[in-house]
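Enquirer: this one's sequence-less:
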């Protein structure tokens, strides 16, 4: 029974290794993706726009966090002194 389980495990491992290798055997070029099977696909134009929008949104969130923490830092002593 242990031999059958080991053989089954080895088969699953080989399949997983093949899938891993296939998933990492792609080439990403600006606007295109090429796979190890020879398939070349063109990226959708909105893909680049979405990436830009995500980067711009992250930058805005970062600046907002800095400004917000600075504002909170200035207001905190006033709020604390008003409580006392």
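Expert: That came in fine, so what should we check first? Here the structure is a predicted model, which means the values were calculated and not measured.

Enquirer: how about the strands in this protein?
Expert: Using DSSP state E, the strands of the chain run over 26-29, 32-35, 40-42.

Enquirer: out of those, deepest packed?
Expert: Across the strands of the chain, the average number of neighbours (mean count of other C-beta atoms under 10 Å) peaks for strand 32-35, which reaches a mean of 13. For every residue, glycine as well, the C-beta is placed using N, CA and C.

Enquirer: tell me which other helices or strands it touches.
Expert: Using 3 or more C-beta pairs under 8 Å, 6 or more residues apart in numbering; DSSP states H and E, the elements in contact with strand 32-35 are strand 26-29, strand 40-42.

Enquirer: strand partners (parallel or antiparallel) of the shortest one?
Expert: The pairing partners recorded for strand 40-42 under DSSP bridges are strand 32-35 (antiparallel).

Enquirer: contacting residues around the partner strand?
Expert: With contact meaning C-beta atoms under 8 Å, 6 or more residues apart in numbering, strand 32-35 is reached by 25-27, 40-43.

Enquirer: what of stretch 41-51?
Expert: Identification of contacts with stretch 41-51 by C-beta under 8 Å, 6+ apart yields 31-33.

Enquirer: mind giving me CSV with these and columns for pLDDT?
Expert: Putting the contacts of stretch 41-51 into CSV (pLDDT from 0 to 100) gives the following:
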residue, pLDDT
31, 81
32, 81
33, 82
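
Enquirer: of the helices and strands packed on strand 32-35, which is nearest residue 6?
Expert: strand 26-29 (32.6 Å; C-beta to C-beta).

Enquirer: just checking: what are the partner strands of that closest one?
Expert: Within its sheet, and counting by DSSP bridges, strand 26-29 is paired with strand 32-35 (antiparallel).

Enquirer: what's the offset of the strand it pairs with from the middle of its chain?
Expert: Using C-alpha atoms, centre = their mean, to the nearest Å, the distance from the centre of strand 32-35 to the centre of the chain it belongs to is 19 Å.
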